[in-house]
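Novice: okay, structure incoming, though there's no sequence with it:
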């Protein structure tokens, strides 16, 4: 089955700097890659997603890139703010709305 | 859109007791998923329903776990003879499957503590 690896497990950045989180997946049939943000005690919330027919997607300060050949995808957050501090999870699935396999998460700390 | 709601938010039980959790998905969503999340880990898939049919169960789901979605709306997850290893956050998520697929929307979860 699908296996998703995520790194780093923790990331500390200064406010205003950029943060990059990387994930790799094993199943070449996976074609949908969302990123979820989870604050302490709260539900995972979708922040951005990408399908395999595109290589990059941006939404304001957040971008995701996908390299299907290498089977890896990355989350980029620019101009980080303290409210970006949270746990970020990548995931992969075979199709939009299908079962997601999650990475282990990255704790992002933005220091002001 | 009232979101996915789960009840209870917290449950403390003694080892060996049975517990049942409820999930109410977003009303028009026909797919419902159960995930388990332990500290420091990502959510792990347990099972999912398309309407009332349970279409897939993870090997993580021992025979002490059972899930139902009797009318294709709300779902229940029951754990019998709980063990300390069952302590975790149990997350429910829903989506609209089919041609109008939507992303997974998660509930706030039920945190289970087995003492």
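Specialist: Here it is on my side, so go on. Computed from a prediction, not measured in an experiment: that's the story for all the values here.

Novice: across the sheet, point out what pairs with residue A:88.
Specialist: residue A:37, residue A:106 (DSSP bridges).

Novice: what's the neighbour count on it?
Specialist: Neighbourhood size, residue A:88 [other CB atoms under 10 Å in any protein chain shown]: 23. In this view, the C-beta of every residue, glycine as well, is placed from N, C-alpha and C.

Novice: that one and residue B:76, how far apart?
Specialist: Using CB to CB, to the nearest Å, we find residue A:88 at a distance of 31 Å from residue B:76.

Novice: tell me the pLDDT of residue B:72.
Specialist: Note on residue B:72: pLDDT of 86.

Novice: which single residue of chain A ends up nearest chain B?
Specialist: residue A:102 (3.2 Å; CB to the nearest CB).

Novice: quick check: closest non-adjacent residue to that residue.
Specialist: residue B:42 (3.2 Å; CB to CB, 6 or more residues apart in numbering or on different chains).

Novice: what residues are up against the one you found?
Specialist: For residue B:42, the contact set (CB atoms under 8 Å, 6 or more residues apart in numbering or on different chains) comprises A:4, A:6, A:89, A:91, A:102, A:103, A:104, A:105.

Novice: ok, 6 Å please
Specialist: A:89, A:102, A:103, A:104, A:105 (CB atoms under 6 Å, 6 or more residues apart in numbering or on different chains).

Novice: over to residue A:26?
Specialist: So residue A:26 contacts A:2, A:3 (CB under 6 Å, 6+ apart).

Novice: ok, which stretches of chain B are helices?
Specialist: Here chain B has no helices by DSSP state H.

Novice: who in chain A is up against chain B?
Specialist: A:43, A:44, A:46, A:89, A:96, A:97, A:99, A:102, A:103, A:104, A:105 (CB under 6 Å from any CB of the partner chain).

Novice: what about the residue lying closest to the second one once chain neighbours are set aside, neighbour count?
Specialist: Pointing back at residue A:44 there. For residue A:44, ignoring the flanking residues on the chain, the nearest one in space by CB to CB, 6+ apart is residue A:36 at 3.9 Å. A count of nearby residues for residue A:36, using other CB under 10 Å, gives 26.

Novice: point out where chain B drops to low pLDDT.
Specialist: Scanning chain B for pLDDT under 70 picks out B:1, B:98-101.

Novice: residue of it nearest chain A, please.
Specialist: residue B:42 (3.2 Å).

Novice: residues in contact with the residue of chain A closest to chain B?
Specialist: Residue A:102 makes contacts with A:89, A:91, B:42, B:43, as judged by CB under 6 Å, 6+ apart.

Novice: check contacts around residue A:72.
Specialist: residue A:24.

Novice: next one: residue A:44 from residue A:20, what distance?
Specialist: 20 Å.

Novice: over to residue A:77?
Specialist: 8 Å.

Novice: next, the buried residues of stretch B:52-64.
Specialist: Buried residues in stretch B:52-64, counted by 16 or more other CB atoms under 10 Å in any protein chain shown: B:58, B:61.

Novice: quick one: end-to-end length of it, please.
Specialist: Using CA to CA, to the nearest Å, one end of stretch B:52-64 lies 20 Å from the other.
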